[in-house]
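**Q** Compute the structure for the input listed below.
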Amino acid sequence: MRTFAMLLSAFAITCITGSANAAELAPTEGLSIKLANVAGNAYYTVERDGYRVVATLASGEDATPVRFIATLLSGQKVVVSIPRAFGQNAIELEIKRIEDRVFVSGDKQLSSLDQ
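**A** Here you go, the predicted structure:
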């Protein structure tokens, strides 16, 4: 049974990281994100009740930033979405926890804050 769970996790990780714009987050290491004209960063910390994910975004230097915070258990995800014109799909950023790893994927540009 444990082998099956490990294989299932490996398959899920492969599906997520196979996305053209997927990246893995490490605890407390930030990731720069850009969704259309909105930019910011995302990071997570390991807390007693789950992984606390924080994404802060703003549409410019003078704009008031917006912060999204979610505490994720394994298998959970949070989606940050920017709506577009009628008939167009929203631009989305998905942050998902799989076991002890966190992945960011979606319609965005990603780069490490250390670069």
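**Q** So the residue nearest the centre of the chain versus residue 86, what's the distance?
**A** In the chain, the centroid-proximal residue (Cα atoms, centre = their mean) is residue 95; its distance is 2.7 Å. Computed as Cβ to Cβ, to the nearest Å, the residue 95 to residue 86 distance reads 27 Å. From N, CA and C alone the C-beta is placed, and that goes for glycine too.
**Q** end to end, how far does stretch 30-38 reach?
**A** Length of stretch 30-38, first residue to last, Cα to Cα, to the nearest Å: 17 Å.
**Q** returning to what we had before: need the residues that contact the helix or strand containing the residue nearest to the centre of the chain.
**A** Using DSSP states H and E, residue 95 maps to strand 91-98. Residues from elsewhere that reach strand 91-98 (Cβ atoms under 8 Å, 6 or more residues apart in numbering): 9, 12-13, 16, 25, 33, 35-36, 42, 44, 50-51, 53, 55, 70, 72-82, 84, 102-108.
**Q** Note down every partner strand of the helix or strand just after it and its orientation.
**A** Downstream of strand 91-98, the next assigned helix or strand under DSSP H and E is strand 101-106. Sheet pairing of strand 101-106 (DSSP bridges) gives strand 23-25 (antiparallel), strand 91-98 (antiparallel).
**Q** Sort out which residues of stretch 46-66 are buried, please.
**A** 51, 52, 53, 54, 55, 56, 57, 59 (16 or more other Cβ atoms under 10 Å).
**Q** cool, and stretch 22-37?
**A** Using 16+ other Cβ under 10 Å as the test for burial, stretch 22-37 gives 22, 23, 25, 30, 31, 32, 33, 35.
**Q** quick one on the thing from earlier: name the nearest of the buried residues of stretch 46-66 relative to residue 65.
**A** Of all the buried residues of stretch 46-66, residue 65 sits closest to residue 56, with 5.3 Å by Cβ to Cβ.
**Q** That closest one pairs with what?
**A** residue 41, residue 67.
**Q** again, but for residue 24
**A** Beta bridges link residue 24 to residue 103 when assigned by DSSP bridges.
**Q** Pull the contacting residues for it.
**A** Per Cβ under 8 Å, 6+ apart, neighbours of residue 24: 17, 101, 102, 103, 104.
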